[in-house]
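Engineer: next comes the sequence, and after it the predicted model I'd like to discuss.
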Amino acid sequence: MLADALDVLSVADAKAEMVIDFDDTDQLIEDKIRAAVSLIEMETQWRLYQRDEIVVTSLQTVEIFQYPIVDIEAVDGDSSEIAFTT
């Protein structure tokens, strides 16, 4: 299971692709990877790694736009909370 943006692309893989063999820029590369993954997810509404998310609503019908949805763990008719895994 992917659990972090760095599971999509690791710093080591990015450095290898860019032919960088020193560690001075590791934090900058990590920040860029996280920003890129976040931007892609925001623009496409697709999750690139799996995580648990919770929607709290007072509506009876909820549209979940984060894809792909792997599992809906709990839907409580008396509650306003829906837990799901993307």
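Structural biologist: Perfect, thanks for sending it.

Engineer: where does pLDDT dip in this protein?
Structural biologist: 1-2, 57-63, 65-67, 72-86 (pLDDT under 70).

Engineer: quick one: the helices in it?
Structural biologist: Here the chain has its helices, by DSSP state H, at 5-8, 11-18, 26-44.

Engineer: right, so these: which one is the most enclosed?
Structural biologist: Comparing those by mean neighbour count (mean count of other Cβ atoms under 10 Å), helix 5-8 ranks first with a mean of 16. Any C-beta I mention is one placed from the backbone N, CA and C, and that applies to glycine too.

Engineer: for Ser38, see how far away Asp26 is.
Structural biologist: According to Cβ to Cβ, to the nearest Å, Asp26 stands 19 Å off from Ser38.

Engineer: ditto for Asp24
Structural biologist: 24 Å.

Engineer: repeat that for Val19.
Structural biologist: In terms of Cβ to Cβ, Val19 sits 26 Å off from Ser38.

Engineer: and Val8, by the same measure?
Structural biologist: In terms of Cβ to Cβ, Val8 sits 11 Å off from Ser38.

Engineer: go on, Asp4?
Structural biologist: Distance from Asp4 to Ser38, by Cβ to Cβ: 12 Å.

Engineer: ok, now Leu48?
Structural biologist: From Leu48 to Ser38 the distance is 9 Å (Cβ to Cβ).

Engineer: likewise Glu17?
Structural biologist: Distance from Glu17 to Ser38, by Cβ to Cβ: 20 Å.
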